[in-house]
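Engineer: below is the structure, and that's it, no one-letter string:
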Ligand code: GAP
């Protein structure tokens with residue numbers, strides 16, 4: 001685990017050093033859990049968004065897109081339940097004055113038991129070597145059994161307070177923290193306040209005070225922009241059920257525990273699709289979207305073993321099925337996407353609060369009803385992080401050197417082709433520019449003439465550029481160049497006229513999309 005943490009730290013600094021992600025307002029020492037995407041980051045991010053958007057809107061005739069405003073009528077958030085229930089339970093340590101999420105403190109305590117169990121098993125494996133029977137050891141070791149019992153009891157208690165009648169049992173939560181003797185990591189003391197609920201929505205004011213300014217919220221999810229536009233899109237697009245509305249946009253949450261770089265941010269981006277269906281068909285559609293979305297992820301070629309579903313045991317009162325798609329990050333399997341069967345809750349609530357009839361007239365059955373919804377909701381930034389984590393490699397080369405390479409899927413890479421003149425003389429720079437001028441309309445190209453070729457290759461490896469081309473003396477004679485592959489580092493001689501044909505298909509989003517059909 002410690003080794004994985006080291007790797008993660010390196011990925012974070014790599015993101016900064018190579019223009020992928022910078023802390024926001026860096027010259028003022030950053031702003032907590034807010035980040036800016038740099039010159040390479042924005043390209044990768046745009047490619048991720050394009051892959052998602054096209055897989056939804058281009059590949060499905062019954063899915064259309066919208067771009068709703070971030071500011072919405074405040075009643076939206078009353079209707080959706082966010083004003084009353086979008087809360088995190090907080091606790092302060094009086095000595096350090098630090099604030100924590102009480103549920104996270106308890107989750108960390110559960111993880112500590114798990115770590116202790118694994119350490120016991122590792123120790124025994126070392127002690128017994130070939131004789132070691134892990135299954136038997138786990139089932140019989142008094143120490144392991146005691147830890148498992150404590151972990152399970154804590155887990156059960158935690159579930160009970162989280163799912164108490166009428167919402168989270170805040171007193172019960174504090175009692176767990178006291179009983180487990182959880183200390184503040186900064187002060188080391190157990191001098192805790194009570195646990196309080198804290199709403200995660202950012203508030204601001206719209207209009208001048210004299211005109212009667214009203215409090216509005218920065219949207220904490222993009223989904224509500226889709227729900228409030230259901231009627232507009234259904235009517236103007238003459239959409240028939242089942243149909244979907246997709247949207248990509250910013251969302252804002254005043255996260256208390258903002259950890260793991262861009263995994264949990266206060267300003268982030270979501271790609272959400274609400275699929276409107278006939279009531280009663282939701283479980284079939286839920287299964288279908290689970291499968292479709294998992295295929296979208298696995299299509300990137302990171303290996304099926306790095307993904308898993310985490311089906312929710314405890315569902316929100318309006319949901320009748322929910323799952324997360326988790327990806328194997330350096331800090332464990334973590335949620336990247338949620339898929340939820342949300343019944344008719346949201347449309348029903350907006351109908352109630354707006355006083356408008358929000359229904360669908362089904363021409364097949366001649367009846368009107370409120371459609372049910374399957375939602376797929378994925379964070380762009382988490383997707384970005386999962387791609388960076390999986391692609392990053394510090395590779396030992398046969399000649400004893402090392403290189404840092406990003407094995408990004410070619411279709412998502414920020415730069416697709418780098419073109420180098422071997423030297424700055426004899427018309428090589430002009431020839432290299434000529435190649436770029438021809439190919440830049442088809443994919444993103446970069447010209448580099450500084451430093452030796454080896455160093456230029458390394459710089460391109462570090463940003464995940466899949467192809468490099470070198471213009472040399474021979475190019476001037478026969479119009480051929482060396483084409484180098486990022487992953488294999490193999491070089492071959494090809495005609496300039498062949499470059500587009502070789503590269504274009506491999507680096508286009510279309511190549512990814514075709515595998516989804
Ligand atoms: N409309 C449903 C919804 O918003 P969610 O599980 O709260 O559901 C969906 O969020 C996705 O948005 C998550 O799977 C995650 O990828 C992303 N996300 C949520 N909070 C985030 C945060 N603070 N920072 C980055 N991404 C976040």
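Structural biologist: Thanks, I have the structure now. These figures come from a predicted structure and were not determined experimentally. Numbers count the residues shown, from 1 in each chain.
Engineer: okay, and the beta partners of residue 244?
Structural biologist: residue 63, residue 275 (DSSP bridges).
Engineer: give me the pLDDT for the nearest residue to residue 34 once chain neighbours are set aside.
Structural biologist: What sits nearest to residue 34 in space, not counting adjacent residues and going by Cβ to Cβ, 6 or more residues apart in numbering, is residue 24, at 4.0 Å. From N, CA and C alone the C-beta is placed, and that goes for glycine too. Residue 24 carries a pLDDT score of 97 in this model.
Engineer: for residue 24, phi and psi?
Structural biologist: phi -70, psi 150 (degrees, to the nearest 10).
Engineer: is it true that it touches residue 37?
Structural biologist: No - under the criterion of Cβ atoms under 8 Å, residue 24 makes no contact with residue 37, lying 10.2 Å away.
Engineer: need the residues of the protein near the ligand, please.
Structural biologist: 221, 223, 253, 255, 264-265, 268, 270, 272, 335-338, 375, 377-379, 381-382 (Cβ under 6 Å from any ligand atom).
Engineer: could you turn the buried ones of the residues you listed into a PyMOL selection?
Structural biologist: Filtering those down to the buried ones (16 or more other Cβ atoms under 10 Å) takes a single PyMOL command:
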select buried, resi 221+223+253+255+264+265+268+270+272+335+336+337+338+375+377+378+379+381+382
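Engineer: filter the residues of the chain next to the ligand down to the ones in strands?
Structural biologist: Members of these lying in strands (criterion: DSSP state E): 268, 270, 272, 335, 336, 337, 338, 375, 377, 378, 379.
Engineer: assign the residue nearest to residue 492 when sequence neighbours are not counted to helix, strand or coil.
Structural biologist: Once flanking residues are discounted, residue 492 sits nearest to residue 483: 5.7 Å by Cβ to Cβ, 6+ apart. Here residue 483 is recorded as strand under DSSP: H, G, I helix; E, B strand; the rest coil.
Engineer: isn't residue 483 up against residue 500?
Structural biologist: No - in this structure residue 483 lies outside contact range of residue 500 using Cβ under 8 Å: 11.8 Å.
Engineer: these two - which one has more neighbours?
Structural biologist: Set residue 483 next to residue 500 and count neighbours by other Cβ atoms under 10 Å: residue 483 wins out with 20 against 16.
Engineer: re earlier: go through the ones in strands among the residues of the chain next to the ligand and name the one nearest residue 300.
Structural biologist: Proximity of those to residue 300 was ranked by Cβ to Cβ; the top entry is residue 336 with 11.6 Å.
Engineer: tell me the phi and psi of residue 232?
Structural biologist: phi -50, psi -50.
Engineer: do a quick rundown of the strands in the stretch 201-350 of the chain.
Structural biologist: 203-206, 214-217, 243-252, 267-277, 307-311, 321-329, 332-341 (DSSP state E, counting those that start in this stretch).
Engineer: report all helices and strands that the helix or strand encompassing residue 112 contacts.
Structural biologist: Assigned by DSSP states H and E, residue 112 belongs to helix 102-128. Judged by 3 or more Cβ pairs under 8 Å, 6 or more residues apart in numbering; DSSP states H and E, the packing partners of helix 102-128 are strand 87-92, helix 134-140, helix 142-162, helix 170-179.
Engineer: so what pLDDT did residue 162 get?
Structural biologist: 88.
Engineer: quick one: residues contacting the residue lying closest to it once chain neighbours are set aside.
Structural biologist: Counting by Cβ to Cβ, 6+ apart, residue 162 lies nearest to residue 168, which is 5.8 Å off, once chain neighbours are set aside. Applying Cβ atoms under 8 Å, 6 or more residues apart in numbering, one finds that residue 168 lies in contact with 89, 103, 161, 162, 197.
Engineer: state the pLDDT value of residue 493.
Structural biologist: 97.
Engineer: before we move on, the earlier item: pick out whichever of the contacts of residue 168 sits closest to the ligand.
Structural biologist: residue 103 (14.6 Å; Cβ to the nearest ligand atom).
Engineer: the closest one and residue 89, how far apart?
Structural biologist: For residue 103, the distance to residue 89 (Cβ to Cβ, to the nearest Å) stands at 6 Å.
Engineer: quick check: residue 246 vs residue 109, distance?
Structural biologist: Taken as Cβ to Cβ, the span from residue 246 to residue 109 is 40 Å.
Engineer: looking only at neighbour counts, state which of the two leads.
Structural biologist: residue 246 (22 against 19).
Engineer: list the residues that contact that one.
Structural biologist: With Cβ under 8 Å, 6+ apart, residue 246 has these contacts: 53, 56, 57, 63, 64, 65, 66, 271, 272, 273.
Engineer: among those residues, which two are most distant?
Structural biologist: 64 and 271 (14.5 Å).
Engineer: ok, the two, which is more surrounded?
Structural biologist: Using other Cβ under 10 Å as the criterion, residue 64 and residue 271 rank with residue 271 on top: 23 against 16.
Engineer: the more buried one contacts residue 55, correct?
Structural biologist: No - contact criterion Cβ under 8 Å: residue 271 and residue 55 do not qualify, at 9.9 Å.
Engineer: and the closest residue to the ligand within the stretch 351-500 of the chain, how far from residue 251?
Structural biologist: Here the stretch 351-500 of the chain gets closest to the ligand at one residue, residue 379, 2.5 Å apart by Cβ to the nearest ligand atom. Distance of residue 379 to residue 251, computed by Cβ to Cβ: 9 Å.
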